[in-house]
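K.L.:
sequence and computational prediction follow.
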Amino acid sequence: MFRDCYRKLTLLTALMFFAVTTSAVAYDLPSVNLGFTSFLDGGPPAGPGFYISQYVQYYSADQLNGQDGNDLEIPGTDIDAWISLTQFLYQSDTELLLGGKWGLDVIVPYVSINADYDFGGPEANGAGFGDVLVGPYLQWDPIMGKNGPVFMHRIELQMIFPTGKYDANKELNPGSNFFSFNPYWSGTLFITPRWTVSTRLHYLWNAENDDPNRGFGAASDTQAGQAIHANFASAYEVIPKMLRVGVNGYYLKQISDTKVNGNSVPDRREQVLGIGPGALFSFSQESHLFFNLYFESSAENRPEGTRSVLRFVYHF
């Protein structure tokens, strides 16, 4: 009898712990570009034409942080995610507005998420296609100096469509189940012909989710807050036209509260900073391989871990 009571008490404690931890970590924002792009981001490497890029990202975290950046200390936390992005990009040679040449960017993600704990913790929805990204953009020709390009930049009106796998009974999904508008400006400055700095600045707006996950209880709809996020990188060309090495990073900050049934909910805003080394190897003007590694810190209402990205770009 004592053993049965003990088992019931242990199970009840685990269920209570699960309820607390799944509601304490937000996971409100959709998946966005955190570190996928880095060096020479202000322009395509080989001018107009058709490009295809393949990204492979591995993310691993052994802690979940709460609203103040504190580790929630869920026993045995182990979150792993493999993300594949296939990108199709067309850059025209036709000016459309203010000297900018139009282009179109389409990205198809495939995501595999695994989450393990001793007990409790947000549950993952396995593998499946993520939300498709589509973005018309304007690319300006490089501003040239006496020793080569000085500055190049682009504006893209990126949209994220809710096409991905989603289950309201899971907290970690390949898809978000809502539309997002995620425009950005990116630029690259050549401090010298061999030393560059690049950035990509995003604004994120999210529509309503009419089938929110179980962490919101009986809520009929939710709306993730607005956010800003940025990638930044600096690289130096150590082997001319072949190898650049440098540092890269990203930062995400949610700037408005998530809403549940139209009402703002405090203490769910997400934040994270990632910084690490990277390299760019160019096989030719037409093909390039990027490697970027990030170590996260300052995470709030989300996991804190490490992220590595391998990206191959080919120009036809």
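P.N.:
Here it is on my side, so go on.

K.L.:
which stretches of this protein aren't confidently modelled?
P.N.:
The chain contains residues with pLDDT under 70 at 1-26.

K.L.:
which secondary structure elements does the strand ranked longest in the chain contact?
P.N.:
For the chain, the strand that runs over the most residues, judged by DSSP state E, is strand 78-97. On a contact count with 3 or more Cβ pairs under 8 Å, 6 or more residues apart in numbering; DSSP states H and E, strand 78-97 meets strand 49-64, strand 100-116, strand 132-139. Any C-beta I mention is one placed from the backbone N, CA and C, and that applies to glycine too.

K.L.:
those strands into TSV, with extra columns for distance to residue 27?
P.N.:
Output for the helices and strands packed on strand 78-97, formatted as TSV (distance: least, Cβ to Cβ, whole Å):
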stretch	distance to residue 27
strand 49-64	10
strand 100-116	11
strand 132-139	19
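
K.L.:
wait, which of those is closest to residue 167?
P.N.:
strand 100-116 (11.4 Å; Cβ to Cβ).

K.L.:
in the longest strand of the chain, what's buried?
P.N.:
78-81, 83, 85, 87, 89, 91 (16 or more other Cβ atoms under 10 Å).

K.L.:
any idea which helix or strand carries residue 27?
P.N.:
Assigning secondary structure by DSSP states H and E places residue 27 outside every helix and strand.

K.L.:
not counting sequence-adjacent ones, nearest residue to it?
P.N.:
Residue nearest to residue 27 in three dimensions, not counting chain neighbours: residue 171, with 5.5 Å by Cβ to Cβ, 6 or more residues apart in numbering.

K.L.:
and the one you found, how many neighbours?
P.N.:
For residue 171, the neighbour count with other Cβ atoms under 10 Å is 21.

K.L.:
again with residue 254
P.N.:
23.

K.L.:
dump the helices and strands packed on strand 78-97 to CSV, plus mean neighbour count and distance to residue 235.
P.N.:
Compiled in CSV, those are given as follows (neighbours: other Cβ atoms under 10 Å; distance: least, Cβ to Cβ, whole Å):
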stretch, mean neighbour count, distance to residue 235
strand 49-64, 17, 18
strand 100-116, 18, 22
strand 132-139, 18, 20
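
K.L.:
those: which one's closest to residue 285?
P.N.:
strand 49-64 (11.2 Å).
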